[in-house]
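Visitor: my questions are about this predicted structure, shown below with the sequence.
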Amino acid sequence: MPTDHACRTLLRSVLSDKRHASVQLDNDGRVSLTTGDLAWFGLASLRLGDRPGDSLQLLHELPLPPTDGRLVLPRMELIHGRSTDVHCVGSEEGPLLLFLDATGEAHRELHFQQRGNQLALALRSWGIEVFEERGGEIRGFGTGSPWMRALVGGVGSGSAAAGALGVDPEDDGRQPFEALVAASPFLENFLVDARRLWADGGDERLVRSGEWIEVDELGREWPLEASAARVDDGRHLLMIRSVPDDHLRQLEILQAARSRDLELAGLHREVDRKEVLLHCIVHDLLAPLGSIVGGLSLARGGKLPKDKADAVLEQGLAQARRQETLIRGMLDAFSAELSALESFETDPKTAPRLGEVLRAALGDHRLAYLARGVELTLDESALPGLDDLPVVADGPRLLRVFANLLENALRHSPRGGHVEVAVAPAEHPAADCTPKGAIAITVDDQGPGVPAEDLDGLFTRFSTGRNSGAAGLGLHFCRRVLETWGGEIRYVDRDEAGARFQVKLVRAGHA
Amino acid sequence: MIRKKICMLGAFAVGKTSLVRRFVEDSFSDRYVTTIGVKVMKKQLTHRGRDVTLMLWDLHGDDAFQTVQSSYLRGSSGLLLVADGTRAETVTVARRLLALATDQAELDVPFLLLINKADLKADWDLEAADIDEQLAGWTVLETSARSGDGVEQAFELLTARMMERDAD
Ligand SMILES: Nc1nc2c(ncn2[C@@H]2O[C@H](COP(=O)(O)OP(=O)(O)OP(=O)(O)O)[C@@H](O)[C@H]2O)c(=O)[nH]1
Ligand SMILES: [Mg+2]
């Protein structure tokens, strides 16, 4: 039924911009509110005089479009010829309540029943509950709106009442105020603010609770808002209304704004990270270039004796190689971020053979190890037939993984040390593997191990500790690619014995 | 029956609602639905043989759009300040909200700082050193509403602190 909504929208717009408003009665006892005559100030009590024509205008038929400046209270009936106060309680944002009241005590008595019932229906259809505070006690009008029933019990009849104006007037669904407070710690808390407003006077006429949400027994959420008001005639009112429209509108706006904020923060972070990364990369690339340039300048002109020149060139070459390794590592890291990782072999016929890749990696590092006087061995006794063992991976990248680990191990090995690579099947107790058909490859060195404080970020992109000098990219790359293949990499603490990196791979055809 | 009010305080999207949901219903959703206003959830637990009902006030996030009213904090027995490990600035918001609680709401109650989203540690924007330096004397716990890690412990620790405070 659009009228109810139209009324609320209109009333809100009338009250919100503090325009003038007037209230009218028609011959059928319907009331309408028209913008125009009466000064409006947030919270007011309007008097409809007995004199006809006092700000009265003619009424139009229902339903009213929300913009024509009129409000018709649904099914509101008044007794003609009486002085009637129309109280409107509004706020900057909108109205909370419009209610009518006969001023004469006698009439109040006489017509309370009927008027109360009609009013209750209207309020109920608006999802508004009104309570009055007198002498410290808060009593309800008892309009029995669906949300209130749902909250404090009687959910069944509450949903029947959700048919708004279709409710049975006999079934007024009153609930004692205490039941509501018992159901709502939020309301209980708000009452402190309400009582403060009622007690100490001051200029303030209205306090609002802000929105809160109650969940009924069926798990439905009811967005509510409470307001406490002091009306001109000295009454203390507490109004609670359900605000589903406001809620949805706010949610829509805030959700969009916050989601965008989050996205933006994410982008900023990404940019920052890239900047740091770029800085590290430039730094890393520059370092070996120093000795290359130095070496070449020395060698230029042929004045050095041949053996010296060879040594200088050899050194420069080594640095150039180091730079090449760095650049390759960076490319890997970036492609790890991109999507180049998606292709890898799972078919046992074409998947890379673990033995071949391992031997190639060891072969590539043989010389570097020799030069540093570090021994490099492969223990495959626990898993014979390595050369014909297919693993889920991409061959060249798997080679990079082992190369990374061997370079790290060498970098941290003492002269005369020993780096051992060992392979074991998952079934083997030494392997300590969880996935079925997994193979564990360990790389042990005799260096100082990874200090405890560096462990946390060891496999993240900016880990600096052990891996410094290569923008912390190597182990990050290893983790990313291994995880894509269903494998993993971890660091195992061996106390004084040195570092152990353990890689787990899945046997192709087993995954 | 002992009732204790705990307020969840923090910047938007740090995971206040998710932490409460994990603790109360043991569930989690990746979908972000921002909280408008306040929602109070209950959870019963036993602390040293005594039944305690926690009233968990899940407040909306504090930002330019919605600021937390100090009246919401009234009557709290404890506070859970929540920050998001992937957004360092949320620690600053948590500190500001603690100031609101102590200065404006005049609370002097036990509180913990939860750095949430521990499952995203690889993307964390916070260094342990930052936390130590900025938050000397605070109890800082890492949680993940997503995996559940640290969540129950956090609520239990705060409950223990609140109960200790009562005993004093
Ligand atoms: N990865 C991860 N995501 C989380 C975690 N906790 C929350 N999130 C996600 O972060 C987003 C925000 O979570 P909420 O619980 O709604 O955050 P909130 O603090 O209640 O947000 P507001 O109500 O807007 O203040 C959601 O997308 C959640 O799925 C966590 O521990 N890990
Ligand atoms: Mg929330």
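Guide: Arrived safely, thanks for sending. Residues are numbered from 1 along each chain as shown, chains lettered A, B, ... in the order given. Ligands and ions are numbered 1, 2, ... in the order given.

Visitor: what's the weakest-modelled helix or strand in chain B?
Guide: Counting by mean pLDDT, DSSP states H and E, chain B has its least confident helix or strand at helix B:128-134, which shows a mean of 70.

Visitor: thought B:Tyr72 was touching B:Cys7?
Guide: Yes. B:Tyr72 lies in contact with B:Cys7 (Cβ atoms under 8 Å); the separation is 6.7 Å. In this view, the C-beta of every residue, glycine as well, is placed from N, C-alpha and C.

Visitor: and the two? which has more neighbours close in?
Guide: The neighbour comparison of B:Tyr72 against B:Cys7 (other Cβ atoms under 10 Å in any protein chain shown) goes to B:Cys7, with 29 against 24.

Visitor: tell me the phi and psi of A:Asp347?
Guide: The phi/psi pair for A:Asp347 (degrees, to the nearest 10) reads phi -80, psi 120.

Visitor: how about the contacts made by whichever residue of the stretch 201-350 of chain A sits closest to ligand 1?
Guide: Nearest to ligand 1 in the stretch 201-350 of chain A, going by Cβ to the nearest ligand atom, is A:Arg258, at a distance of 5.8 Å. The neighbours of A:Arg258, taking Cβ atoms under 8 Å, 6 or more residues apart in numbering or on different chains as the test, are B:12-13, B:32, B:34, B:61, B:63, B:65.

Visitor: quick one on the thing from earlier: find residues that contact each of B:Tyr72 and B:Cys7.
Guide: With Cβ under 8 Å, 6+ apart as the test, B:Tyr72 and B:Cys7 both reach B:57, B:59.

Visitor: what residues does chain A put near chain B?
Guide: With Cβ under 8 Å from any Cβ of the partner chain as the criterion, chain A meets chain B at residues A:184-186, A:189-190, A:192-193, A:210-213, A:215, A:221, A:223, A:247, A:250-251, A:254-255, A:257-259, A:261-262, A:265, A:269, A:456-457, A:459-461.

Visitor: buried subset of those residues?
Guide: In the residues of chain A next to chain B, burial by neighbour count holds for A:184-186, A:189-190, A:193, A:210-213, A:223, A:247, A:250, A:254, A:258, A:261-262, A:265, A:457, A:459, A:461, counting by 16 or more other Cβ atoms under 10 Å in any protein chain shown.

Visitor: so which of the residues you listed are in strands?
Guide: A:210-213, A:223 (DSSP state E).

Visitor: skip the chain neighbours and tell me the closest residue to whichever residue of chain B sits closest to ligand 1.
Guide: Closest approach between chain B and ligand 1, counting by Cβ to the nearest ligand atom: B:Gly61, at 2.4 Å. Leaving aside its chain neighbours, B:Gly61 sits nearest to B:Phe12 (2.7 Å; criterion: Cβ to Cβ, 6 or more residues apart in numbering or on different chains).

Visitor: likewise for A:Val481?
Guide: A:Arg397 (5.2 Å).

Visitor: report the mean confidence score over the helix or strand where that neighbour lies.
Guide: Using DSSP states H and E, A:Arg397 sits in helix A:395-412. Averaged across helix A:395-412, pLDDT comes to 88.

Visitor: how about stretch A:281-289?
Guide: Per-residue scores along stretch A:281-289 average to 76.

Visitor: please apply the same query to stretch B:116-124.
Guide: 86.

Visitor: that one near ligand 1 at all?
Guide: Yes. Judged by Cβ under 6 Å from any ligand atom, stretch B:116-124 comes into contact with ligand 1 at B:116-117, B:119-120.

Visitor: contacts made by that stretch with the rest, please.
Guide: A:269, A:456-457, A:459-461, B:14-15, B:18-19, B:82-86, B:142-147, B:149-150.

Visitor: show me just the buried residues among those residues.
Guide: Among the contacts of stretch B:116-124, the ones that count as buried by 16+ other Cβ under 10 Å are A:457, A:459, A:461, B:14-15, B:18-19, B:82-86, B:142-146, B:150.

Visitor: where does pLDDT dip in chain B?
Guide: By pLDDT under 70, the low-scoring segments of chain B are B:128-129, B:132-133.

Visitor: packing partners of the longest helix seen in it?
Guide: The longest helix of chain B (DSSP state H) is helix B:151-167. Secondary-structure packing of helix B:151-167 (3 or more Cβ pairs under 8 Å, 6 or more residues apart in numbering or on different chains; DSSP states H and E): strand B:2-10, helix B:16-25, strand B:38-47, strand B:50-59, strand B:78-84, strand B:111-116, strand B:140-142.
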